[in-house]
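Trainee: got a predicted structure plus its sequence, pasted below:
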Amino acid sequence: MPVFDIWVGDSHGSLPDNPKNSIYDSGGLFLDTSTIPSSIFNNFSGEVCSFHCPVYSRRKRGEFLCLSLSVKEKNGVISDSAGKKVKIRSSGNRAVNTTKHLWAGAVAAMVSRTCLAPLERLKLEYILRGERRNLFDLITRIATTQGLRGFWKGNFVNILRTAPFKATNFCAYDTYRKQLLKLSGNAETSNSERFIAGAAAGITATMLCLPLDTIRTRLLAPGGESLGGVIGAFHHVVKNEGVLSLYKGLLPSVLSMAPAGAVFYGVYDMLKSAYLHSPEGRTRIRNMRQHDQELNAFEQLELGPVRTLIHGAIAGACTEAATYPFEVVRRQLQLQGRANKLSAFATCVKIVEKGGVPALYAGLFPSLLQVLPSASISFFVYEFMKIVLKVE
């Protein structure tokens, strides 16, 4: 049952400050105070446009609020005289908005992974092949034996994995965060809600995208060239080890992605919220609203381009430092066959016995070199694409 009814009176023509394809109506809302969040009433505090029209409520209890209702295409915008607005969307527009949300995350993943594929390749050389030589020697070896294309080896498969993963991750985080905000009834998301939403988003994306990550790992491991690409590797793994082998390392993946998602999104959102509530941030938002029609997509970024990149890098660094050992264990589990299959804990113990605790951080430095710009680019492109695609 809806929590409010919309009452509309006589239509008025376009106003000077209203688009030509819009209509302006006098009317109001029948608000059910027993079900609608208190935050909705707060949005309408202050003076409200009243047209002194006769009102016939179909509800026995509730409150009536006179408003101006501007309807443009399929979206409704309810506004009061103070300029506060609440958008009303149809259910069909929610699906379109979700699709745009997914595309924004996918494009962010494609751009960041393609730009940083060489660093990803170096990180995997340390993790999967147990590379011991220094970074410069490793770069020289790859360049002389495989050419420049060698640094982008496996990038297509990486995009196939990370594009849906990031799309799901970003979209799931915003969805969970909004749902938690509705459940709490608060005016703003709390830090605990941000961490919970980030952890849930990481788990959701991991469950959906782990098989592609397993295939990519097999292709980059020694002997992966003989598997015949993505399809060949998929057939080989399923035929010889079964479908469930595509989910090898699920437990450490979940244990890794839950805190990773929590830290990644939680830290970024906390930094963003802190800035937007600062005097400088409030001034920037106020200026953006005053010149909304004159700003391009870059200028519409709430944090600005530079600050978006910096906050993304900080979030990425915190995430990598907290979860890197889980990444090492997961990669090793994905390389195991049936003959030498070990549990996640046994694999971790084996790694420590062989190389000590530092072995759990093998490749951390090149990984940080990749993660810092990757997180920066991901958040920057994602925020940018949300503006371009008009994600609500």
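Mentor: Arrived safely, thanks for sending.

Trainee: so which helix or strand takes in the residue positioned nearest the centre of the chain?
Mentor: Nearest to the geometric centre of the chain sits residue 170, at 1.6 Å (CA atoms, centre = their mean). Assigned by DSSP states H and E, residue 170 belongs to helix 155-184.

Trainee: if you count neighbours, what's buried in that helix?
Mentor: 155, 157-177, 180-181 (16 or more other CB atoms under 10 Å). Bear in mind the C-beta positions are built from the backbone N, C-alpha and C, glycine included.

Trainee: ok, the residue nearest to the centre of the chain touching residue 104?
Mentor: Yes: Residue 170 lies in contact with residue 104 (CB atoms under 8 Å); the separation is 6.9 Å.

Trainee: give the buried residues for stretch 135-147.
Mentor: Under 16+ other CB under 10 Å, the buried positions of stretch 135-147 are 138, 139, 142.

Trainee: same check, this time on stretch 208-217
Mentor: Quick answer for stretch 208-217 (16+ other CB under 10 Å): 209, 210, 211, 212, 213, 214, 215, 216, 217.

Trainee: repeat for stretch 317-330
Mentor: Quick answer for stretch 317-330 (16+ other CB under 10 Å): 317-320, 322-330.

Trainee: show me where pLDDT drops low in the stretch 1-150 of the chain?
Mentor: 1-92, 127-133 (pLDDT under 70).

Trainee: ranges for the strands of the protein?
Mentor: For the chain, the strands defined by DSSP state E occupy 4-12, 22-31, 63-72, 75-79, 85-88.

Trainee: for residue 280, see how far away residue 286 is.
Mentor: 11 Å (CB to CB, to the nearest Å).

Trainee: what's the overlap in contacts for these two?
Mentor: Residues touching both residue 286 and residue 280 by CB atoms under 8 Å, 6 or more residues apart in numbering: none at all.

Trainee: and the helices in this protein, which stretches?
Mentor: 38-43, 91-115, 117-128, 135-146, 155-184, 191-220, 229-241, 250-276, 279-290, 305-335, 344-355, 364-388 (DSSP state H).

Trainee: ok, back up a step: and the residue nearest to the centre of the chain, what pLDDT?
Mentor: Looking at residue 170, its pLDDT stands at 93.

Trainee: list the contacts of the spatially closest residue to it that is not a sequence neighbour.
Mentor: Excluding the flanking residues, the one nearest residue 170 by CB to CB, 6 or more residues apart in numbering is residue 105, at 3.5 Å. Residue 105 sits next to 166, 167, 168, 169, 170, 171, 382 when contact means CB under 8 Å, 6+ apart.

Trainee: list the contacts for the fourth one?
Mentor: Read it as residue 169. Applying CB under 8 Å, 6+ apart, the residues near residue 169 are 105, 201, 202, 204, 205, 261.

Trainee: on that earlier part again, pick the one among the buried residues of stretch 317-330 closest to residue 123.
Mentor: Nearest to residue 123 among the buried residues of stretch 317-330 is residue 327, at 9.1 Å by CB to CB.

Trainee: my read: that closest one touches residue 256, true?
Mentor: Yes: when contacts are counted by CB under 8 Å, residue 327 is listed as touching residue 256 (6.1 Å).

Trainee: okay, now the nearest residue to residue 269 once chain neighbours are set aside: neighbour count?
Mentor: Residue nearest to residue 269 in three dimensions, not counting chain neighbours: residue 194, with 4.8 Å by CB to CB, 6+ apart. Neighbours of residue 194 under the rule other CB atoms under 10 Å: 22.

Trainee: and stretch 326-345, what's buried?
Mentor: Quick answer for stretch 326-345 (16+ other CB under 10 Å): 326, 327, 328, 329, 330, 331, 332, 333, 334, 335, 344.

Trainee: and the residue nearest to the centre of the chain, how far is that from residue 201?
Mentor: Distance from residue 170 to residue 201, by CB to CB: 8 Å.

Trainee: likewise for residue 224?
Mentor: Look at residue 224 and residue 201: by CB to CB, they are 30 Å apart.

Trainee: the two: which is more packed in?
Mentor: residue 201 (26 against 18).

Trainee: can you check the pLDDT for the more buried one?
Mentor: Reported pLDDT for residue 201: 94.

Trainee: contacting residues around it?
Mentor: 168, 169, 170, 172, 173, 176, 261, 265.

Trainee: what do you get for residue 151?
Mentor: 117, 118, 121, 142, 143.

Trainee: thought residue 135 was touching residue 367?
Mentor: No: using CB under 8 Å as the test, residue 135 is too far from residue 367 to be in contact (11.7 Å).

Trainee: next one: residue 261 from residue 345, what distance?
Mentor: When residue 261 is compared with residue 345 (using CB to CB), they lie 22 Å apart.

Trainee: should've said residue 150
Mentor: For residue 150, the distance to residue 345 - CB to CB - is 35 Å.

Trainee: what does residue 167 give?
Mentor: For residue 167 relative to residue 345 (CB to CB), the value is 32 Å.

Trainee: same question, residue 174
Mentor: On the measure of CB to CB, residue 174 and residue 345 end up 34 Å apart.

Trainee: kindly report the same for residue 287.
Mentor: Applying CB to CB to residue 287 and residue 345 gives a distance of 54 Å.
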